[in-house]
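Peer 1: just a sequence and a predicted model for now, questions to come.
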Amino acid sequence: MAGITRFEEIEAWKTARQLTNTAYELSNQAGFNRDFGLRDQIRRASISVMSNIAEGFESRTDTQFINFLGMAKASAGEARAQLYVALDQKYIAEEQFKDAYSMAETCARQIAKFIAYLESNPRKHRISDDEADYEVRPSTDL
């Protein structure tokens, strides 16, 4: 994770963002947009990938980060499964399915590689506030 200072710099997060935009585009199509359960579920799954990467990055330890990345990877799998439903119900074309599926699969692989990196380079704490100067003032609200 050397050099990454914001979750927006993580390649898997960037791919998850593309996946989310694709899920919204596809689920806005006629037919798909009326299947409220599937439409909302595929959107939530793709958003979950992005959100778990971000939330994990902002957590205090790599152990927590890895747990959030695991949830993100699972959500990428969930999105892939929902794409099959959309294809089977003829809400999306075969080519749309292939493109979106490939994006979700790429995201899952990126996350898996990131997890492997973090597990092979363990650190107890990721965040260091050693140089921060915090001043604690007594409360005047009493």
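Peer 2: Looks like it came in fine. Numbering: from 1, shown residues only.
Peer 1: hang on, isn't Ile10 packed against Ile4?
Peer 2: Yes - Ile10 lies in contact with Ile4 (C-beta atoms under 8 Å); the separation is 6.2 Å. For glycine as for every other residue, the C-beta is placed from the backbone atoms N, C-alpha and C.
Peer 1: can you list residues touching both of the two?
Peer 2: Shared contacts of Ile10 and Ile4 (C-beta atoms under 8 Å, 6 or more residues apart in numbering): Phe57.
Peer 1: the two - which one has more neighbours?
Peer 2: For Ile10 versus Ile4, neighbours defined as other C-beta atoms under 10 Å are more numerous around Ile10 (20 against 13).
Peer 1: tell me who's in contact with that one.
Peer 2: Shown in contact with Ile10 (C-beta under 8 Å, 6+ apart): Ile4, Ile53, Phe57, Phe114.
Peer 1: strands of the protein, start to end?
Peer 2: With DSSP state E, there are no strands along the chain.
Peer 1: in it, which ranges drop under the pLDDT threshold?
Peer 2: Along the chain, the model assigns pLDDT under 70 to residues 1-2, 124-134, 136-137, 139-142.
Peer 1: hey, where'd the helices end up in it?
Peer 2: Secondary structure of the chain (DSSP state H): helices at 11-27, 36-57, 62-88, 94-120.
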